[in-house]
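Trainee: Just need the structure, nothing else, for what follows:
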Amino acid sequence: MIDLIPYYCLRIMRHGRRGKTMALFHHSASFLRRPLCPKSRFTTAAKSTNGAVSGTASELGNLLIVAAIAKTLSKPGGIHSLEKDADSIPLSENLVLQVLRRGSLDAARKLDFFRWCSLRPNFKHSAGTYHQMFKSICLSPRRHHHSDILELVASMASGGDAAALDSPTLKLILNSFIRSGKYDSALEVLDCVERDLIQTTSLSPDIYSPVIVALIRKNQISIALSIFLKLLDSSSSEIPDAIACNELLVALKKSDMKDEFKQVFAKLRKTKLYPLDRCGYNICIHTLGCWGDLSTSLNLFKEMKRETNIRLNPDLCTYNSLIHVLCLLGKVKDALIVWEELKASSGHEPDAFTYRILIQGCCKSYRINEAVKIFSEMQYNGIKTETVVYNSLLDGLLKSRKLVEACNLFEKMADDDGARATCWTYNILIDGLYKNGRAEAAYTMFCDLKRKGNNFIDGVSYSIVVLQLCREDQLEEAVRLVEEMEARGFVVDLVTITSLLSALYRRGQWDSTEGLMKYIRDRNLVSSLLKWKSSMEASLRSPQSKKRDFTPFFPPISNIAEILNLAKSSETHSEGMEDEKDEWSSSPYMDELANKFVSRDTPSQSFSMSRGVRVMAKGEDSFDIDMVNTYLSIFLAKGKLSLACKLFEIFTDMGVDPTSYTYNSIMSSFVKKGYFKEAWGVLHAMGETVNPMDVATYNVIIQGLGKMGRADLANSVLDKLREEGGYLDIVMYNTLINALGKDGRLDEANELFGQMKSSGINPDVVTYNTLIEVHSKAGRLKDAYKFLRKMLDDGCAPNHVTDTVLDYLEKEIEKVRYKKASMMRCNKDDPSSS
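Mentor: Down below sits the predicted model:
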């Protein structure tokens, strides 16, 4: 070692600071080439020791060279310094790998060194050096090296180096592109690999997991699904990982691809290497439950509980998913029991999402008292109340005619720092005030919010007010608001336009549609609407097919009990497979539900929690049926039932799918005209098209039964409604009370009134008018007068119908008084009575 020092110093004197580094290269190289001692000093016994010393010297020499290269690269122009003394650096795969693994060098400098090595005539990169270079780039904190990755892949494909891209390296590259959102680059790399580098059959199926994710995030779900299914059908022992499975399942759910989702789910269940993790289970539980397959959701929950792997046991997200599904399917009572089990024995505590979905479910099913109770518990537990929770509770209170409580809640919301009123909040208030008979207050609030600017109102606010003005036949004011709506920059949507059309036709102004269109900025919508209107009028003028003459479009049906399966509902309600009970179960009620639904086939949801609407406003997807529903409501309001049925027939023949609103409108008109058999024919057709009934459908059924004098079936219909997850809103309560009262079942009507009050729904003027009328006509004048007093005490304002009912009540009271007076006079005149 001593004889090397003068040489090392000479290099430093010749080249200065750069020479110091380069001298280290020469020193290290010489150290590797020269023997440490003369051969005569070695003996046979010392050969092994000599080999160990030589190996240690080689490692030390490499370390010195690597350190020198790293130091040179870390300085500006370092790669040029290497170029000047390239011949003195003994390049090898091991040395290059050590340089690429240096943590002190960033990815860019390592890449410069990698390229510099590629230009050396006697050196070719191996698969190992490529892998290390890709790893340095992909794991770099600075995510802007994607072009460099593509360049390296291309260099491997060109065949300049004796290297092939292996599966782990490819997966590393693909994951890097996907994390950075470069999905096109990921797919480009895969195409390059499959075409030029390695055979497709040699790719591990696990490689396709990031590819599937990339395709999904590029919204190419069909291609991702095709690759996924091919991998599942292959004979390989490896399948895509849980991340790819979860991404695909979520994408299929968002795209509402029900059949494809169930196909993937079924194939995954048949696979021995079941890839779903806890998140995957939760996705399937929530998705299948939302689509009505409650039995599968509950069985998946039981399966998770039986898992020995603690990572697959149910978590809070699992419980939230099931509670959400139960609320969505109308089984709010079951959801509340599961919520109690969650708090008592699951080991989890409800979070903000748990409370939110429960409050929303209770409000939608008119369980207002329970919703208020849950809200109070939520605040007591210190959980932050979001605006959406306030909005749900406000909407529920206003629909239940609890106006005072809604106003108090809004004031409380204003004092809550964690929630701010949004446009949606104000829209709920404006709409609720209108529905509670406070039209003047609603319009005043709307005008006050307008003066504050567009941050407090939106297009929906205008649409609510325009609809109400059209109902009140204030068409001129409604048109003025539409002009103002356009001037403020809001889009006049189809809901607003159809409200104006309905008002025009009620006035008989059939030819004013074109004049109305000048107020609408969306020319595409205007042209589509006018074109649809002319096509509809031409179709209605064309003669009907002679083959269909005298053929009823809705075949009449006499027995409604058969359509509703009223006889079977009570039997199937008690059915359920007995299963062995787990006395130590943390969720016994959930187990009971799972056993109850396990014997049922894949169900179709027969009841919808959301009421059907006239206009869905989903763009081109719903434009035809939105217009059909609008003109159906116009024709039916004018009493033109045959014209409405012809319109229905024309567009169903054209492939337009009716909605629950379509069927409910036609069925209601049949019931009003007394065509009960035809109405039940409509109900049968609705069931055949797998359109779920809503509360409006049951409302029409009760109306029909009442007019037919079959109020005795009302309780059976109610039982079926509750079995299907239905609820009673204020309209349904009023309809039932009216049907029972006119059939002489006054005690049942009074009991229903008490049930209505206990559920948290305040009776409205229709409720009281009905009760006063039916009790008056039944001769129970004291009860009628009692409801009148109650109506006034509750602050319910009477309307013109109340005046008519009270006139009848007054006449009946006068009759009773006259009768009593006559009897007393007769008694006085009769001498025998004395």
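Trainee: Would you enumerate the residues in contact with the residue nearest the centre of the chain?
Mentor: For the chain, Lys254 is the residue whose C-alpha lies nearest the centre (CA atoms, centre = their mean; 7.1 Å). By CB atoms under 8 Å, 6 or more residues apart in numbering, no residues touch Lys254. Placement of C-beta: from N, CA and C, glycine included.
Trainee: ok, it to Thr385 distance?
Mentor: 28 Å (CB to CB, to the nearest Å).
Trainee: cool, Lys399 as well?
Mentor: 20 Å.
Trainee: continuing past the helix or strand Tyr426 falls within, what's the next helix or strand?
Mentor: In this assignment (DSSP states H and E), Tyr426 forms part of helix 423-435. Downstream of helix 423-435, the next assigned helix or strand under DSSP H and E is helix 439-452.
Trainee: Identify all contacting residues around that following helix.
Mentor: Under the contact criterion CB under 8 Å, 6+ apart, helix 439-452 has outside partners 426, 429-431, 433-434, 456-457, 461, 465, 468, 472.
Trainee: Show me which positions of it end up buried.
Mentor: 439, 442-443, 445-446, 449-450 (16 or more other CB atoms under 10 Å).
Trainee: Now do it against helix 423-435, angle only.
Mentor: 160 degrees (axes from the mean of the first three to the mean of the last three CA atoms, to 10 degrees).
Trainee: mind checking the SS state of Pro555?
Mentor: At Pro555 the chain is in coil, as set by DSSP: H, G, I helix; E, B strand; the rest coil.
Trainee: swap that for Gly330, sorry
Mentor: Assignment for Gly330 (three-state DSSP): coil.
Trainee: Just to check, it is in contact with Glu724?
Mentor: Yes. Here Gly330 reaches Glu724: they are 6.9 Å apart, a contact under CB atoms under 8 Å.
Trainee: Need the per-residue pLDDT for the closest residue to Arg745 other than its chain neighbours.
Mentor: In this structure, Arg745 finds its nearest non-sequential neighbour in Ala711, 6.2 Å apart by CB to CB, 6 or more residues apart in numbering. Looking at Ala711, its pLDDT stands at 83.
Trainee: what do you get for the one 3 residues further on?
Mentor: Among the per-residue scores, Ala714 shows a pLDDT of 81.
Trainee: which residues of the stretch 501-650 of the chain score low on pLDDT?
Mentor: 511-512, 516-517, 519, 523, 544-552, 566-586, 597-606 (pLDDT under 70).
Trainee: residue ranges of the helices in it, please?
Mentor: 513-516, 523-541, 560-564, 566-574, 588-597, 623-637, 641-653 (DSSP state H, counting those that start in this stretch).
Trainee: Take those helices and lay them out in TSV including distance to Ser118 and mean neighbour count.
Mentor: What follows is those, written out as TSV (distance: least, CB to CB, whole Å; neighbours: other CB atoms under 10 Å):
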stretch	distance to Ser118	mean neighbour count
helix 513-516	72	14
helix 523-541	57	13
helix 560-564	78	17
helix 566-574	75	12
helix 588-597	63	19
helix 623-637	60	21
helix 641-653	68	17
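Trainee: So which of the ones you listed is nearest Asn62?
Mentor: Nearest to Asn62 among those is helix 588-597 (63.8 Å), distances taken as CB to CB.
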